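Undergrad: only geometry, no sequence info:
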DNA sequence: TCTGGGGTCCTAGGACCC
DNA sequence: TCTGGGGTCCTAGGACCC
């Protein structure tokens, strides 16, 4: 049987989410900003047309925002996550086999759909998603995932395709590959693009003409898989079930530079609690923790310092109290006074299923109690909102928190309420 | 003044063992 | 003091993704 994949991609996803709830912004330039309102991470077509680049620092366009020529939003991941679920649920109606690849993209297995009128089916998918969720999507269909990516990109670019492109016959596939420059190929980043250009590879088509041995030598097995996919040989399967994460990280820049240890400690405690929550969500515990701290690399005037330390925990855990405790200890050991800090983060690795923990004979923590406390906290927060209950060292001042001055309401989910502080001792 | 955050996979090289 | 080779495990770093 021949394989066939559709790549469904939400157009300008974050910007589209904002527009669903403010339809007056349709046809207007809209951008969404990164944490701290630092730079542009999503743009509507109108914003792209104004020449605003991905990653452009916000201060470069602030004037245009202030006079109302561009509408800018702080990122609102609660809203985008919920909208993403709605889109994916809608897509699941169209095939039993779907891989949610990222917050705004899915691969659909259409292997059994060759006999269908594929173009018509794609249009039906596109219309239904738009009607049910308000989000515009584009579809690219082809015999491999890498080719479906190529098709999807052209579907968006081409005025004729209008968001749907089915690539099944060899002639059209070749034409599509010729029309795709090498840096636009999925899996070819800046370094590989440079290397390939140096060797005369300017398009995806040129790439398919390179020998397997050349590709393997310069781009290892990942590159080899990619070039085969572009030639139409399917090497990447549909991964329907997301495997549990092997590393979990929470880090953020502060709203302003911090020098005070207490504030940095509070931020770090909150990041540790966020990591713990992500662990519990996938029913895992972590055995190794890294904490890092850094000043602002971009500053030409500030004294620079950065450091990190990794520790192995006595017993793998997903408890807020325990992870906060260790994160605070590690932070203390790497914090040096006298610097203006920009960012800290907590990274957890050696992640194991929570029912497979190696206990330690010398362990004197009442783990059953921790588990039941965390279950209670999770229930309360899912019912009454994030931060309704927390560990005392997480504080409630939050002067370190990221700036998000232009955030839209969480239209589709419950709002947080006033926090109650839980004492962990 | 202002420049994101969270992941994955692969490889080379060193340490260590027999 | 010199003489090997092969295997495994771990880590750091590089490449990529959205």
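TA: Noted; the coordinates are in hand. From a predicted model like this one, the values you see are computed outputs, not experimental measurements. Numbering: from 1, shown residues only, chains lettered A, B, ... in the order given.
Undergrad: Next, count neighbours for the residue of the stretch 51-200 of chain A found nearest DNA strand C.
TA: Residue of the stretch 51-200 of chain A nearest DNA strand C, by Cβ to the nearest atom of the strand: residue A:189 (2.3 Å). Bear in mind the C-beta positions are built from the backbone N, C-alpha and C, glycine included. Other residues near residue A:189 come to 9 when the count uses other Cβ atoms under 10 Å.
Undergrad: Report pLDDT for it.
TA: Reported pLDDT at residue A:189 in the predicted model: 95.
Undergrad: gap between it and residue A:195?
TA: Residue A:189 sits 10 Å away from residue A:195, going by Cβ to Cβ, to the nearest Å.
Undergrad: again, but for residue A:146
TA: To residue A:195, residue A:146 is 18 Å away according to Cβ to Cβ.
Undergrad: of the two, who's got more company?
TA: The neighbour comparison of residue A:146 against residue A:195 (other Cβ under 10 Å) goes to residue A:146, with 27 against 15.
Undergrad: Find the helix or strand that the residue lying closest to that one once chain neighbours are set aside is a member of.
TA: Spatial nearest neighbour of residue A:146, chain neighbours left out: residue A:229 (3.6 Å); criterion: Cβ to Cβ, 6 or more residues apart in numbering. In the assignment (DSSP states H and E), residue A:229 maps to helix A:212-230.
Undergrad: Strands of the stretch 201-350 of chain A, residue ranges please.
TA: Using DSSP state E, counting those that start in this stretch, the strands of the stretch 201-350 of chain A run over residues A:248-258, A:284-295, A:306-317, A:341-353.
Undergrad: and those as a markdown table, adding distance to DNA strand C and mean neighbour count?
TA: Shown next, in a markdown table, are the strands of the stretch 201-350 of chain A (distance: least, Cβ to the nearest atom of the strand, whole Å; neighbours: other Cβ atoms under 10 Å):
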| stretch | distance to DNA strand C | mean neighbour count |
| --- | --- | --- |
| strand A:248-258 | 12 | 18 |
| strand A:284-295 | 9 | 21 |
| strand A:306-317 | 8 | 16 |
| strand A:341-353 | 9 | 21 |
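Undergrad: Measure how buried residue A:115 is and give me the count.
TA: Residue A:115: 6 surrounding residues under other Cβ under 10 Å.
Undergrad: next one: the one 5 residues further on
TA: Counted with other Cβ under 10 Å, the neighbours of residue A:120 add up to 11.
Undergrad: quick one: it and residue A:126, what's the gap?
TA: According to Cβ to Cβ, residue A:120 and residue A:126 sit 11 Å apart.
Undergrad: again, but for residue A:375
TA: In this structure, residue A:375 and residue A:126 are 42 Å apart, going by Cβ to Cβ.
Undergrad: same deal with residue A:243?
TA: Remark: distance between residue A:243 and residue A:126 (Cβ to Cβ) = 30 Å.
Undergrad: so where's chain A uncertain?
TA: Within chain A, the segments meeting pLDDT under 70 span A:1, A:386, A:414-425.
Undergrad: near DNA strand B, which residues of it show up?
TA: Within chain A, the positions near DNA strand B by Cβ under 7 Å from any atom of the strand are A:34-36, A:38-39, A:41, A:55, A:57-59, A:220-222, A:243, A:245-253, A:274, A:278, A:296, A:298-299, A:342-343, A:345, A:402.
Undergrad: just checking, what packs against the host helix or strand of residue A:15?
TA: Per DSSP H and E: residue A:15 is located in helix A:13-20. Judged by 3 or more Cβ pairs under 8 Å, 6 or more residues apart in numbering; DSSP states H and E, helix A:13-20 is in contact with strand A:30-33, strand A:40-43, strand A:71-74, helix A:77-92.
Undergrad: Run the angle between the longest one and helix A:13-20 for me.
TA: Going by axes from the mean of the first three to the mean of the last three Cα atoms, to 10 degrees, helix A:77-92 is angled at 90 degrees with respect to helix A:13-20.
Undergrad: can you tell me if helix A:77-92 touches DNA strand C.
TA: No - figure legend: helix A:77-92 not in contact with DNA strand C (Cβ under 7 Å from any atom of the strand); closest approach 10.1 Å.
Undergrad: and that helix, what does it pack onto?
TA: For helix A:77-92, the packing partners by 3+ Cβ pairs under 8 Å, 6+ apart come out as strand A:5-10, helix A:13-20, strand A:98-102, strand A:105-109, helix A:118-133.
Undergrad: buried stuff in it?
TA: Neighbour-count burial for helix A:77-92 flags A:78, A:79, A:80, A:83, A:84, A:86, A:87, A:88, A:90, A:91 (criterion: 16 or more other Cβ atoms under 10 Å).
Undergrad: can you count the residues close to residue A:280?
TA: Look at residue A:280: counted by other Cβ under 10 Å, it has 19 neighbours.
Undergrad: for it, what are its contacts?
TA: Residue A:280 makes contacts with A:318, A:354, A:374, A:378, as judged by Cβ atoms under 8 Å, 6 or more residues apart in numbering.
Undergrad: Please settle this for me: is the third one part of a helix?
TA: Yes - secondary structure of residue A:374 (DSSP: H, G, I helix; E, B strand; the rest coil): part of a helix.
Undergrad: Perfect, that will be all.
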